[in-house]
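Chemist: Would you be able to build a 3D model of this:
(one chain, ligands or ions: 1)
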Amino acid sequence: MKYPCCNNDIDKFEDKNNGLISINIYQEFNYNGKAGISVHRRTKVINAKHHISLLKIEDDNGKTHYVYIKDYDKLIGQQTNKTTNKLFHCRYCQHGFIRQDLLDNHVKRGCLSVEGQSVKLPDKGDVIGFLNENRKFKCPYVVYGDFECLTEKIENNEQQNTDKSYTTKYQNHTPTGFQLTVVDSERKIVDNILYRGSDCMEAFCKIIGEIEKDILNKLTKHWNVNN
Ligand SMILES: [Zn+2]
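Modeler: As a prediction, this is how the structure comes out:
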């Protein structure tokens with residue numbers, strides 16, 4: 001192995017150790033004047049017997065060095081944890097868990113960062129059933145509606161407290177008309193209503209009630225199959 005080593009060499013080192021050692025490398029970053037720790041190299045070895053976390057640092061001469069991280073949870077916890085309670089962090093996705101057993105479960109089920117997706121097959125003897133039988137039927141009718149409104153300016157002299165967030169009302173949406181289109185399951189338009197007028201809200205409630213009655217009539221009607 002070459003020294004000083006780069007990520008390729010660490011890949012080889014992990015391969016040669018065959019599941020015994022996994023290595024993550026972290027680095028410091030600066031964003032908007034805030035310092036933090038991010039992953040520089042993430043291991044692909046799952047559940048290695050020993051895991052090592054290293055911090056990559058740069059000295060004044062531009063040379064990089066690796067420093068051993070003794071307590072990874074403490075280091076990463078500074079940016080993920082706002083409480084004083086310790087968090088247990090996943091070495092693959094950096095998510096913090098409040099208990100060790102929750103972290104163990106997360107890794108056992110397959111962390112998404114290494115597995116790509118978590119597959120949970122049903123246990124032996126499990127029966128899978130479909131409950132919502134009614135959703136197998138086509139929706140017999142759909143009503144599409146669209147309202148038109150006039151926007152009217154509002155005079156607003158209310159004094160706002162600019163120390164807090166606030167809303168200024170500047171226009172009113174006054175409904176002036178609507179269109180309703182009833183379509184059946186064969187995509188045929190069975191009704192089309194256009195209404196204009198200042199009383200359109202009352203008219204809408206009345207008309208939608210009539211449409212409902214009409215549809216229920218059609219759906220509950222008994223047809224003679226011989227005709
Ligand atoms: Zn994870």
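Chemist: Show me which residues of the chain are close to the ion?
Modeler: Contacts of the chain with the ion, taken as Cβ under 5 Å from the ion, map to Cys90, Tyr92, Cys93, Cys111. For the C-beta atoms, the positions are set from N, CA and C on the backbone; glycine is no exception.
Chemist: Please report which of the residues you listed has the highest neighbour count.
Modeler: Tyr92 (21 neighbours; other Cβ atoms under 10 Å).
Chemist: who touches that residue in this structure?
Modeler: Residues counted as contacts of Tyr92 (Cβ atoms under 8 Å, 6 or more residues apart in numbering) are Arg42, Thr43, Val107, Cys111, Ser113, Val114.
Chemist: Count residues in the vicinity of the third one, would you?
Modeler: This means Val107. By the criterion of other Cβ under 10 Å, Val107 has 18 neighbours.
Chemist: picking up where we left off before, including pLDDT, distance to His51 and secondary structure, could the residues of the chain next to the ion go into JSON lines?
Modeler: Below are the residues of the chain next to the ion laid out as JSON lines (pLDDT from 0 to 100; distance: Cβ to Cβ, whole Å; DSSP: H, G, I helix; E, B strand; the rest coil):
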{"residue": "Cys90", "pLDDT": "88", "distance to His51": "11", "secondary structure": "coil"}
{"residue": "Tyr92", "pLDDT": "84", "distance to His51": "10", "secondary structure": "coil"}
{"residue": "Cys93", "pLDDT": "83", "distance to His51": "14", "secondary structure": "coil"}
{"residue": "Cys111", "pLDDT": "80", "distance to His51": "13", "secondary structure": "coil"}
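Chemist: what number of residues lie near the nearest residue to Thr181 once chain neighbours are set aside?
Modeler: Leaving out its chain neighbours, the residue that sits closest to Thr181 by Cβ to Cβ, 6 or more residues apart in numbering is Tyr144, at 4.7 Å. Applying other Cβ under 10 Å, we find 11 residues neighbouring Tyr144.
Chemist: Which helix or strand contains Tyr144?
Modeler: Taking DSSP states H and E as the definition, Tyr144 sits inside strand 141-153.
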